[in-house]
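**Q** Sequence and predicted structure below; questions after.
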Amino acid sequence: MVKYEVDLKTGPVVKQLKRLGRDMPKINRGILGLIGFEIVTKANANYMRGPRPHKLGHISGDLAASLHEKKKGSLWDLDDVGLDIGTNLPYAARWEFGGTTKKGTRLIPRPYLKPAINDVFASGKAQLIADRELQKQINRRD
């Protein structure tokens, strides 16, 4: 009878997995923050600047600036599993979805966030960010 015995030193692997499990909420927030930043960058670069009628025209820059603020209710509100992207400016929704101004002027939709979100996810950029950040955490030595 032939018998082989392999002694796998699983201690380091188990230790690393426990650390990853413990740190996952923090890792998730970091990944979501990077994805949020990518979405906002894409919105500003591709959907806010440029000639009307399809882009916003970047008149005052207030809307773009509001997307860069990292305050609750403004750019993003992070928790361990989700990311809310937006702005607290009252007219932002009229630009994104269309609507009517106080003077009764009808505004056609000129979306800036939804197409940016679609671009980041459809291009695989969000997955690439998540993969890269998770790999950094796996490779990290304590």
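**A** Perfect, thanks for sending it.
**Q** Which positions within the helix ranked longest in the chain qualify as buried?
**A** If you go by DSSP state H, the chain has its longest helix at helix 11-43. Neighbour counts using 16 or more other Cβ atoms under 10 Å place 16, 27-28, 30-36, 38-40, 42-43 of helix 11-43 among the buried residues. C-beta coordinates here come from the backbone N, C-alpha and C atoms, glycine included.
**Q** Which single one of these is nearest to Tyr112?
**A** Top of the list for closeness to Tyr112, among the buried residues of helix 11-43 and by Cβ to Cβ, is Ala43 at 4.8 Å.
**Q** Chain neighbours aside, what residue packs nearest to that closest one?
**A** Leaving out its chain neighbours, the residue that sits closest to Ala43 by Cβ to Cβ, 6 or more residues apart in numbering is Ala116, at 3.8 Å.
**Q** Next one, pLDDT for the one you found please.
**A** Ala116 is assigned 92 on the pLDDT scale.
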